[in-house]
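Enquirer: Make a model of this:
(2 chains)
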Amino acid sequence: MKILLAEDDPSIHAIATMALSRVGGHQIVAARDGTEVLKLIEAEKPDLILLDVMMPKLDGFETCSQLKSKPETRDIPVIFLTAKAQLTEIQNGMNLGAIGYILKPFDPMTLHKQIEEVIANHAKAA
Amino acid sequence: MDLGARDFNAKSELIMKSSEKEMAALIKIYVCELPAKAAEIQQAAETAIHQLGKRETPRWAVLESLVHKLAGSAGTYGFYAISTLARTLEDRISNGSFAKIPPDEQALELRGWLESFLTVARKTATDGESVNKEAA
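Expert: Numbers count the residues shown, from 1 in each chain, chains lettered A, B, ... in the order given. Below is the predicted model of the structure:
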């Protein structure tokens, strides 16, 4: 699976990339903020977008909102990967059309499984 | 167990072993970077304390953003004490409860938090260094 990972913290970016590529066997495309996601999306055509919430330039919620407003990107599944753990923030993300929410801190060795679970739960609910 | 499953399991074990090595290397880098992250947070907290002393409204956004990032990254790298401390301050700032107490109490609480945070950060960096030396 090709995953577009939007994350501005290099420490998190490095460990998530290692976890998803080496342990999960996925291809990772890097973006540092929401504007890079919107720039890369057409050329990269990812199967999934992992979005941090607090990012410079364009935050994760606004990025998700823009992705879901365009016919060519609205069907690409979005999962938030964030330390924003308050219920209202989670609900906000889900209302914007994300299929799931994975909280930081996360376990790098099982991150790919958490993603698989989110995708499976979403498919069951659909 | 058939041959295919055995091959799969062997391959999986190999991937896990090499991933654990990469993980250990990333943790070493994180520990090396920790003093710089702590210094940045210390500076933001001291700026806020200084502003509180002058009865100015501190710009909490910088400190909130720094502790937010640390809460997520430290826990992911296995440094749960730092993550918990960072999350505590982030929550106090973001839910508005911190802003509701008088400036003197805010400064006192922030000083106490900073002391605890720097103690844990220094210990983590020192312990991490000694673990790195043993591993090398």
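
Enquirer: Up against chain A, what does chain B have?
Expert: Residues of chain B lying close to chain A by C-beta under 8 Å from any C-beta of the partner chain are B:15-16, B:18-19, B:22-23, B:26, B:29-30, B:33, B:65, B:68-69, B:71-77, B:80, B:83, B:87, B:90, B:94-95. Where C-beta positions appear, they are placed from N, C-alpha and C, glycine not excepted.

Enquirer: which of the residues you listed count as buried?
Expert: Buried members of the residues of chain B next to chain A, scored by 16 or more other C-beta atoms under 10 Å in any protein chain shown, are B:19, B:22-23, B:26, B:30, B:68-69, B:71-77, B:83, B:87, B:90, B:94.

Enquirer: give the contact list for the residue in chain A positioned nearest to chain B.
Expert: Closest contact between chain A and chain B, by C-beta to the nearest C-beta, is at A:P105 (2.5 Å). Counting by C-beta atoms under 8 Å, 6 or more residues apart in numbering or on different chains, A:P105 touches A:83, B:71-76, B:80, B:83.

Enquirer: which one is it nearest to, not counting chain neighbours?
Expert: Excluding the flanking residues, the one nearest A:P105 by C-beta to C-beta, 6 or more residues apart in numbering or on different chains is B:G75, at 2.5 Å.

Enquirer: Strands of chain A, start to end?
Expert: All strands of chain A, identified by DSSP state E, fall at A:2-6, A:27-31, A:48-51, A:78-82, A:100-103.

Enquirer: Would you mind putting those strands into a markdown table with mean pLDDT alongside?
Expert: A markdown table is the format used below for those (pLDDT from 0 to 100):
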| stretch | mean pLDDT |
| --- | --- |
| strand A:2-6 | 97 |
| strand A:27-31 | 95 |
| strand A:48-51 | 97 |
| strand A:78-82 | 94 |
| strand A:100-103 | 94 |
